[in-house]
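*Asks:* quick one: sequence and predicted model below, then my questions.
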Amino acid sequence: MIRYDIPKVTMGGREWAKFPRQSVGFQWIPNQDPIGLDFDYLNVHELLSSTHRRPPNISTHHLTNRADVRNLSLQLHHRDSIFPNHLHSISDLLRRDFQRVAALHCRLFSPHYQLTDFTSDVFSGLDQGIGEYLVRLGVGTPPVEQYLVVDSGSDVIWLQCQPCSQCYRQSDPVFDPARSTSFSPIPYSSPICALLSGGGGGGGAADDWKCHYQVAYGDGSYTRGTLALETLTFGAIAVGEVAIGCGHENGGLFVGAAGLLGLGWGPLSFVGQLGGLAGGSFAYCLPSSGSVAGEMVFGRSEAVQVGAVWVPLLRNPRAPSFYYVGLTGLGVGGTRLTAVGEDEFELTEKGGGGTVVDTGTAVTRLPAAAYQALREGFNAASRLPAAAGVSIFDTCYALGGYGSVRVPTVSFYFAGGTELTLPARNLLIPVDGAGTFCLAFAASPSDLTILGNIQQQGIRITVDSANGFLGFGPNTC
C-alpha cells in the first residue's frame, strides 16, 4: 500500500496534514472588480436551453474494457439524463432533497435511531423517484442489468429480489436469485453477518440459518431481506463474492431503481469489500443535470491524482459511514467572510456538527449563521435583480433578460490552509423557464454542514479512505 509522507501539525487538539496554501478553481474566468472582488461569468442562455435539451442515449456497455479490478471504471448518470422533464424535476429535486436531509438528521440526532443506514436517493429511469446519480451494472450469473443508486453515505449494497412479498415499481424486472448460479446466501454464523450487528441489521430467526438484514430510512422507506454473496458485472469485468442485500420487503419512496450501491467508509460498502484491490481509493465526476455522463473509477493508480488539493478526512463514530472534512470558513469574491468562524463547522466529541461530503444531498446546507453571512455577502457583491424565493431557496434572481451575468465566486476554506473556489455554474441554478436563478445553498436545521452534489458537479473528487484524505481536482470533468 502506498502511503504519503505528509508533514503534520496540531490544530484544535487534532493532528492535521500540513499543506502550503493552495487554491483550486474550475473553469472560471477571474475578473477583478474595482473593489477587489473575484467574479465568474454565468451563461444564462446556455443553462436555460439545457433545461429543454434532449437527453443523451445511455449505453448499457458503459465500462471501459480493462483487465484489472484495481482500475475499475463505470459511468455515472444524472437522473435527468433519462427523466428529461427538468422543469418538473426542480420541484421534485427539492422535495427529495428535503427528505434526504431530514433522514440524515434522523440518523445522526435521534436517540432512538439504531439502524445502519439512512435515506438514499434512488434513481428512476422512467418514473419519479428520490434519486440523483446512478450506475448500470450486471447482477448474478448470467448477469442481469440493473440500475443502482450511488450513495457515498451508505454501506449496504442491496437490490429488490424475488420472491418479493412487497416491492415498489422499478424500471427493470426484479432480480430472481433462483436463476443465478453464483448466488449464495450467507449463514447467520458468518463473520460477514456479524458486520451488521453494530447497527440494527443482521440477525436470524431460530429456524432460519440465513443472515437477515434490514435498513430503515428516516423518511419511512425501508428494505428487508437476506444477505448473500453474488457476482456483480461491470461491462467486461466480473467481481465475485460481493456481499449484497437481497430485499424481499421494500417500501417507501424507492421508485424505479433496483437498489443501491453503497460507497461509504464501512466494511460492507463496495469500496470496503474491494479492499486492497482498489487500495481504498475511488474518484468520481458528477455530471450536471441533462449533461453527458460522468465517471467513477476505483483503484489507486486511477483515482489518486497528482496535483490534487488534499484535505484530511475525519471520522465521526456516530456516523462512521460518512466522509467528513475539516471546513473552517467561507469566502465571497475571493475575500474570507470574517463573520463565519471556524467553530461554526467544528465536529464535536459527541458527533455533532462537522461537514459531510455527500453525493445524495443536492443543495449544500450550512449552519444558519454561516448561511446568513454567505447570502448577505453574495447579495452585496452580486448586485443582481432580485426575484421571489422558491421553496427552500430564499436568494433568487431574475436573469431572463440577460445573456450572461457576472457572479462573485464562493470559496470553501479547509483545515491546513486549502481553498476550493467554485465556478458560477455551481452557485446559481435555474428553477424555471423564465430565467429565475437561485443560490444553491440553504440553512441547515442543525449545526451540521452538508457539501451537496450541486457544488460537486464538474469537479473530480477523490476519496482516499486508506490514507484518510479527500482530494479536489486538478482535472475537471
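*Replies:* Looks like it arrived, so ask away. Because the structure is predicted, anything quoted here is derived from the model rather than measured.
*Asks:* isn't Ser221 right next to Gly251, touching?
*Replies:* Yes: between Ser221 and Gly251 there is a contact under C-beta atoms under 8 Å: 6.5 Å. All C-beta atoms are positioned from the backbone trio N, CA, C, and that covers glycine.
*Asks:* have a look at these two and say which one is more surrounded.
*Replies:* Ser221 (20 against 15; other C-beta atoms under 10 Å).
*Asks:* and the residue minimising distance to the centre of the chain, how far from Asp151?
*Replies:* With distances taken as C-alpha atoms, centre = their mean, Thr359 lies nearest the centre of the chain, 0.8 Å away. Computed as C-beta to C-beta, to the nearest Å, the Thr359 to Asp151 distance reads 6 Å.
*Asks:* please enumerate the shared neighbours of the two.
*Replies:* Leu263 (C-beta atoms under 8 Å, 6 or more residues apart in numbering).
*Asks:* Phe98: what secondary structure?
*Replies:* With DSSP: H, G, I helix; E, B strand; the rest coil as the basis, Phe98 sits in helix.
*Asks:* surely Ala380 is in a strand?
*Replies:* No: counting by three-state DSSP, Ala380 is not found in a strand; it is helix.
*Asks:* measure it to Leu337 for me?
*Replies:* Ala380 sits at a distance of 11 Å from Leu337 (criterion: C-beta to C-beta).
*Asks:* which one of those two has more residues nearby?
*Replies:* Between Ala380 and Leu337, counting by other C-beta under 10 Å, Leu337 is the more crowded of the two (19 against 12).
*Asks:* would you state the strands of the stretch 101-250 of the chain in chain order?
*Replies:* 133-139, 144-151, 158-160, 184-185, 212-216, 222-234, 237-251 (DSSP state E, counting those that start in this stretch).
*Asks:* where does the stretch 201-350 of the chain dip in pLDDT?
*Replies:* Applying pLDDT under 70 to the stretch 201-350 of the chain picks out residues 201-207, 217-220, 253-255, 289-291, 301-306.
*Asks:* change it to 90
*Replies:* Along the stretch 201-350 of the chain, segments meeting pLDDT under 90 span 201-209, 215-223, 234-237, 251-257, 260, 274-281, 285-295, 297-309, 317-321, 350.
*Asks:* can I get stretch 355-363 in CSV, CA atoms only?
*Replies:* Taking Å, rounded to 0.1, in the frame of the first residue of the first chain, the C-alpha atoms of stretch 355-363 are listed here in CSV:
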residue,chain,number,x,y,z
THR,A,355,-19.0,18.8,7.4
VAL,A,356,-20.1,15.8,5.4
VAL,A,357,-19.3,15.4,1.7
ASP,A,358,-22.5,13.7,0.3
THR,A,359,-23.5,12.6,-3.2
GLY,A,360,-27.1,12.1,-2.2
THR,A,361,-27.8,15.7,-1.0
ALA,A,362,-28.2,18.1,-3.8
VAL,A,363,-28.1,21.6,-2.1
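*Asks:* so for that stretch, mean pLDDT?
*Replies:* When pLDDT is averaged along stretch 355-363, the result is 90.
*Asks:* now do stretch 396-414
*Replies:* Average pLDDT, stretch 396-414: 93.
*Asks:* before we move on, what about stretch 454-469?
*Replies:* For stretch 454-469, the per-residue pLDDT averages 91.
*Asks:* measure it end to end?
*Replies:* 21 Å (C-alpha to C-alpha, to the nearest Å).
*Asks:* centre of the chain to that stretch, how far?
*Replies:* Chain-centre distance of stretch 454-469: 10 Å, with C-alpha atoms, centre = their mean, to the nearest Å.
*Asks:* same thing with stretch 228-238?
*Replies:* Distance, stretch centre to chain centre, for stretch 228-238: 23 Å (C-alpha atoms, centre = their mean).
*Asks:* can you list the domains in this structure?
*Replies:* The record's domain split for the chain, according to automatic domain parsing, is 10-50+308-476, 69-298.
*Asks:* quick one on the thing from earlier: include distance to Leu313 when you put the strands of the stretch 101-250 of the chain into a markdown table, please.
*Replies:* Shown next, in a markdown table, are the strands of the stretch 101-250 of the chain (distance: least, C-beta to C-beta, whole Å):
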| stretch | distance to Leu313 |
| --- | --- |
| strand 133-139 | 21 |
| strand 144-151 | 17 |
| strand 158-160 | 25 |
| strand 184-185 | 33 |
| strand 212-216 | 24 |
| strand 222-234 | 25 |
| strand 237-251 | 24 |
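*Asks:* out of the ones you listed, which is the most enclosed?
*Replies:* Mean neighbour count (mean count of other C-beta atoms under 10 Å) peaks for strand 158-160 among these, with a mean of 26.
*Asks:* that strand pairs with which strands, and in what direction?
*Replies:* Using DSSP bridges, the strands paired with strand 158-160 in its sheet are strand 237-251 (parallel), strand 259-262 (antiparallel).
*Asks:* which residues touch the following helix or strand past the last one?
*Replies:* Which is strand 259-262. Remark: after strand 259-262, the chain's next helix or strand is helix 270-274, criterion DSSP states H and E. Helix 270-274 is contacted by residues 69, 72, 155, 157, 239, 242-243, 261-267, 278, 280, 282, 298, 463, 465 when judged by C-beta under 8 Å, 6+ apart.
*Asks:* let's go with 6 Å and repeat that
*Replies:* Applying C-beta atoms under 6 Å, 6 or more residues apart in numbering, the external contacts of helix 270-274 come out as 157, 242, 261, 263, 266, 282.
*Asks:* what is the nearest of the residues you listed to Thr395?
*Replies:* Looking at the contacts of helix 270-274 and their distance to Thr395, the nearest is Leu263, at 31.4 Å (C-beta to C-beta).
*Asks:* report pLDDT for the residue lying closest to that closest one once chain neighbours are set aside.
*Replies:* Distances taken as C-beta to C-beta, 6 or more residues apart in numbering place Ser152 nearest to Leu263, at 4.9 Å, with adjacent residues excluded. Here, the pLDDT recorded for Ser152 equals 89.
*Asks:* what distance do you get for Ser152 to Tyr323?
*Replies:* Note on Ser152: its distance to Tyr323, by C-beta to C-beta, is 6 Å.
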